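Asker: below: sequence and its predicted model.
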Amino acid sequence: MSADLLKQKPKQTQTKDISLFSATALGIGGMMGAGLYSLLGLASSHAGTHVPLAFLVGAIAASFSVYSYAKLGAAFPSSGGGATFTVMSFGPGMISGGINIFQYIAYLFAAALYAAGFVEYTNSLFGGNLSPITLKCITAALILICTFINLLGPSLVGKAETFAIGLVVISLLVFSAMGFHQADFTTFQMGGGSIEGIAVAAGILYINFQGFGVVTNSSSAMKSPQKELPLAMFSALILVTVAYVAVSTAVVLLMPLNSIQLHSGHVLAVAAQIVAGKLGFVVISISALLACAAAVNATIFAASNVAADVAKKSSISSALGDSVLKNKLRALTISSFGVIALALMFPLNEVGQMASLAFLLVYAAITYGHIRVSQKTGANPKILWCAIAINLTLFTALMLNTIEHSPSSAIALVIALAGSFLIEGIARLKSKHSSSL
């Protein structure tokens, strides 16, 4: 659902040990949630009834990045997550600064996706009759409310996240069990989904696994991070993958492919209605609303914390850190308005693709940096190269599809990537010029 959520309470987590169970639960909370509700229908338009296989491919791809992050987190225990890893791998400079800015923007993409998912399920509860203006107002209101909640303090963010995850897990498990019980296996037929389509779908669904990085933020509070961190991360990944495959399988068993694609943005609610009538529709819709709202909440907080953290630790230029990202309040405000702009500019499907593309690229870049310090982490360079190759393969498949079907979002992603390094470069030149005066 969100990444780097543990940044909320860095001092508290350092004062006591994080158990293996707690770290695993943290990883499940980071991965399980809003993306599943929002992107299942879109993925099916590419993978057909092979969506469960696309989830499995996405999980396999994520497992290589999990290996990289686990080794980095064990070698460099910190609450800074990926922002710290870039500095340790590339050193403080323009490369790590540019990557961290782009990583920050990736969080904004993810938050915009979750906001779009919230609006989609809100509209479905009202029979799809809400006007475009009303939907835009709901989008802005949700993000502003989440910003206000963040201003009240991190404990409220954590409680909202815990509550939402609990409801999400329970509702999805119940739905899967009832779906398998009611499905007619004798009439089921496979349909759609080429190898290329499955790869595109796996790339789209990758955002559902990006929250594994949250576990690395607890590494400094583990008794034995070298052993416990990989076990916690892989355990969380396996459990979440099982849930995703079960839910997606139940959906394709219950609904014909054309119906899944027709109700793309809220397909889980429609599938739940088949299983349990109107009550099922309402329960899944409400759990989706809570999951998406909590994800927006936590992701905005994570994004603003990443921004403030990299500025404080000089992971980006001093000129940028001392002005735009001077403190958490300013970073939170900028993050919120950035999410509003993205959510209003791009529909759910496009912002979902942009979020997955961004994280595929970020994880490939961080893993490449990991190779530079692999002697310090003890990681196998061959596995790291596999992680890079797999991430870039999914990125390429999804990017080519995005260029063909939604070129505006592909252009926006390229602008975000180039702009991250351009902003960092200009800011560093400004810092260098100011220091020379």
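Answerer: Received it, and whenever you're ready, just let me know what you need.
Asker: just checking, next helix/strand downstream of the helix or strand of the chain with the lowest mean pLDDT?
Answerer: Least confident helix or strand, the chain: helix 10-14 with a mean of 42, by mean pLDDT, DSSP states H and E. Downstream of helix 10-14, the next assigned helix or strand under DSSP states H and E is helix 20-31.
Asker: helices or strands up against that following helix?
Answerer: Judged by 3 or more C-beta pairs under 8 Å, 6 or more residues apart in numbering; DSSP states H and E, helix 20-31 is in contact with helix 154-182, helix 225-254. (Glycine included, C-beta is placed from N, CA and C.)
Asker: out of those, deepest packed?
Answerer: helix 225-254 (a mean of 21; mean count of other C-beta atoms under 10 Å).
Asker: chain center to that one: distance?
Answerer: Here helix 225-254 is found 15 Å from its chain centre; the criterion is C-alpha atoms, centre = their mean, to the nearest Å.
Asker: please name every helix or strand in contact with it.
Answerer: Counting by 3+ C-beta pairs under 8 Å, 6+ apart, helix 225-254 packs on helix 20-31, helix 34-47, helix 51-75, helix 154-182, helix 267-312.
Asker: which of these sits closest to residue 385?
Answerer: Shortest separation from residue 385 across the helices and strands packed on helix 225-254 is recorded for helix 51-75, at 9.4 Å, computed as C-beta to C-beta.
Asker: if you count neighbours, what's buried in that closest one?
Answerer: 51-59, 61-75 (16 or more other C-beta atoms under 10 Å).
Asker: what packs against the next helix or strand after that helix?
Answerer: Per DSSP H and E, the first helix or strand lying C-terminal to helix 51-75 is helix 82-90. With contacts taken as 3+ C-beta pairs under 8 Å, 6+ apart, helix 82-90 sits against helix 51-75, helix 94-125, helix 267-312, helix 348-372.
Asker: so residue 229 makes contact with residue 27?
Answerer: No: counting by C-beta atoms under 8 Å, residue 229 does not reach residue 27; the two are 10.1 Å apart.
Asker: find residues that contact each of those two.
Answerer: Counting by C-beta atoms under 8 Å, 6 or more residues apart in numbering, the contacts common to residue 229 and residue 27 are residue 215.
Asker: still on that earlier bit, worst mean pLDDT among the helices and strands packed on helix 20-31?
Answerer: Lowest mean pLDDT of those: helix 154-182, a mean of 76.
Asker: what's the first helix or strand after that helix?
Answerer: helix 195-205.
Asker: in that next one, which residues are buried?
Answerer: Result for helix 195-205 [16+ other C-beta under 10 Å]: buried residues 197-205.
Asker: how about stretch 336-346?
Answerer: In stretch 336-346, counting by 16+ other C-beta under 10 Å, buried: 336, 338-340, 342-343, 346.
Asker: how far out from the middle of the chain is that stretch?
Answerer: Distance, centroid of stretch 336-346 to centroid of chain: 16 Å (C-alpha atoms, centre = their mean).
Asker: could you dump the helices and strands packed on helix 20-31 to CSV with distance to residue 271?
Answerer: Converted to CSV, the helices and strands packed on helix 20-31 look like this (distance: least, C-beta to C-beta, whole Å):
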stretch, distance to residue 271
helix 154-182, 7
helix 225-254, 5
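Asker: compare the ones you listed and give me the one nearest residue 276.
Answerer: helix 154-182 (6.5 Å).
Asker: now do the contacts for residue 63.
Answerer: So residue 63 contacts 234, 237 (C-beta under 8 Å, 6+ apart).
Asker: residue 190: neighbour count?
Answerer: Close neighbours of residue 190, defined as other C-beta atoms under 10 Å, add up to 10.
Asker: how many residues are close by the closest residue to residue 369 other than its chain neighbours?
Answerer: For residue 369, ignoring the flanking residues on the chain, the nearest one in space by C-beta to C-beta, 6 or more residues apart in numbering is residue 89 at 2.9 Å. Residues lying near residue 89 (other C-beta under 10 Å) number 24.
Asker: rewinding a little: of all the helices and strands packed on helix 225-254, which one is nearest residue 354?
Answerer: helix 34-47 (12.0 Å).
Asker: can you name every helix or strand that the closest one contacts?
Answerer: helix 51-75, helix 94-125, helix 195-205, helix 225-254, helix 257-262, helix 267-312, helix 348-372.
Asker: nearest to residue 20, of those?
Answerer: Of all the helices and strands packed on helix 34-47, helix 225-254 comes closest under C-beta to C-beta, at 5.1 Å.
Asker: and the angle from the closest one to helix 51-75?
Answerer: Here helix 225-254 runs at an angle of 170 degrees relative to helix 51-75 (axes from the mean of the first three to the mean of the last three C-alpha atoms, to 10 degrees).
Asker: returning to that earlier point: let me know the closest of the buried residues of stretch 336-346 to residue 427.
Answerer: Using C-beta to C-beta, the buried residues of stretch 336-346 come closest to residue 427 at residue 338, 17.3 Å.
Asker: what confidence value was assigned to the closest one?
Answerer: pLDDT, residue 338: 89.
Asker: and what of the one 5 residues further on?
Answerer: Among the per-residue scores, residue 343 shows a pLDDT of 90.
Asker: also the one 3 residues further on?
Answerer: You'll see residue 346 listed with a pLDDT of 90.
Asker: quick revisit: could you dump the helices and strands packed on helix 225-254 into CSV with distance to residue 259 added?
Answerer: Converted to CSV, the helices and strands packed on helix 225-254 look like this (distance: least, C-beta to C-beta, whole Å):
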stretch, distance to residue 259
helix 20-31, 27
helix 34-47, 10
helix 51-75, 13
helix 154-182, 14
helix 267-312, 7
